[in-house]
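Chemist: Provide a 3D model corresponding to the input given below.
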Amino acid sequence: MSIIQEIAECERNGISVALCSIVSASGSTPRHAGSKMLVFPDGHISGTIGGGELEQVIINHALQSLEDGITRLIPFEYVVNNESDEKITSGSVEVFIDPIQPKITLVVVGGGHIGQKVVSLAHWLGYRVILSDEREVFCDPNKIPGADAYFCCKMADLPAKISVNHRTCFVLSTQNADVDIEGLPSILATTAPYIGVIGSRRRWEATKKGLIERGVDPEQFSRVRSPIGLDIHAETPQEIAVSILSEIIMLTNTTHNNNQ
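Modeler: Numbers count the residues shown, from 1 in each chain. This next block holds a predicted model:
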């Protein structure tokens, strides 16, 4: 598989990857300008730009770029000892690191009236959309089109089936608090930056009580937004979907701009 194909595969699966390219090379260097390497979030690589110390330095910088989304141009000199045991530069390279961030993945749990409208609007906005519901009738691509993937399973089992990272948002449009109490602990165990739960403040209070009884640390509750969405006095499922996506756009764009 070529590097371009690997990047496309990462995009399809919602995985971030850093493309590291030698943009200039002079003197004696293992690889020439144009050599490329991919660095994945877990630190493993595909391709090579020369191995050795250079590669480890670039991997470390690439992992930082995957965290903050900022490109980097890294100079590196190959130093050797001459006959007099003096250190001299035998060659040098510059490596450009480009963090390639996939589309934000929006995971909609619950395919009821509101969940369906969130799926439709998120698809229109260009998100990678996943729909999950343990009820088959509410997780049917023929009845609810627009999602890129469908998982008919319990919420608690969902994180094990998908890749969750800093570009994953969860929208829980479930039917009642009992479903949230059972499934939220596994969602809170992920690194997802946005977890929104549908319902009133009273429902969220009941959910928190149930989660505490299950041993969930109350400090985790600050990661959850409930009631979900911006307060635009939304009433219909369509309007509620607009308020939810507006909140996600606001928060994700704010985070992106703060990293620039």
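
Chemist: Dihedrals phi and psi, K103?
Modeler: Dihedral pair for K103: phi -60, psi 150, per degrees, to the nearest 10.

Chemist: Look up phi and psi at the spatially closest residue to it that is not a sequence neighbour.
Modeler: Spatially, and ignoring its direct neighbours in sequence, K103 is nearest to R128 (4.4 Å; C-beta to C-beta, 6 or more residues apart in numbering). Yep, even glycine has a C-beta here, placed from its N, CA and C like the rest. Dihedral angles of R128 (phi, psi; degrees, to the nearest 10) stand at phi -80, psi 120.

Chemist: distance of R128 from R223?
Modeler: Distance of R128 to R223, given as C-beta to C-beta, to the nearest Å: 21 Å.

Chemist: could you pull out the strands for the stretch 151-260 of the chain?
Modeler: Along the stretch 151-260 of the chain, counting by DSSP state E, counting those that start in this stretch, strands occupy 168-172, 194-197, 224-225.

Chemist: out of those, nearest to I104?
Modeler: strand 168-172 (6.2 Å; C-beta to C-beta).

Chemist: What's the end-to-end length of stretch 169-177?
Modeler: End-to-end distance for stretch 169-177, by C-alpha to C-alpha, to the nearest Å: 19 Å.

Chemist: Next: stretch 102-119.
Modeler: End residues of stretch 102-119 are separated by 18 Å (C-alpha to C-alpha).

Chemist: Quick check: buried residues in that stretch?
Modeler: 102, 104-112, 114-119 (16 or more other C-beta atoms under 10 Å).

Chemist: remind me which residues of the stretch 1-150 of the chain are low pLDDT?
Modeler: Residue ranges of the stretch 1-150 of the chain with pLDDT under 70: 81-89.

Chemist: okay, the strands of the stretch 151-260 of the chain in CSV with mean pLDDT, distance to P75 and mean neighbour count next?
Modeler: Converted to CSV, these look like this (pLDDT from 0 to 100; distance: least, C-beta to C-beta, whole Å; neighbours: other C-beta atoms under 10 Å):
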stretch, mean pLDDT, distance to P75, mean neighbour count
strand 168-172, 96, 34, 25
strand 194-197, 96, 37, 21
strand 224-225, 96, 43, 19
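
Chemist: Next, format those strands as CSV and append distance to A147.
Modeler: Shown next, in CSV, are the strands of the stretch 151-260 of the chain (distance: least, C-beta to C-beta, whole Å):
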stretch, distance to A147
strand 168-172, 12
strand 194-197, 17
strand 224-225, 22
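
Chemist: Nearest to S132 among those strands would be which one?
Modeler: Using C-beta to C-beta, the nearest of those to S132 is strand 168-172, at 9.7 Å.

Chemist: what does the closest one contact?
Modeler: Under the criterion C-beta atoms under 8 Å, 6 or more residues apart in numbering, residues 14, 104-110, 115, 118, 155, 162, 180, 183-184, 187, 190-198, 228, 244, 248, 252 lie in contact with strand 168-172.

Chemist: neighbouring strands for it, and are they parallel or not?
Modeler: Paired strands of strand 168-172, with direction, are strand 105-109 (parallel), strand 194-197 (parallel) (DSSP bridges).

Chemist: The lengthiest helix in the chain relative to strand 168-172, how many degrees between them?
Modeler: Secondary structure of the chain read by DSSP state H shows that its longest helix is helix 237-258. Using axes from the mean of the first three to the mean of the last three C-alpha atoms, to 10 degrees, one finds that helix 237-258 and strand 168-172 are set 150 degrees apart in direction.
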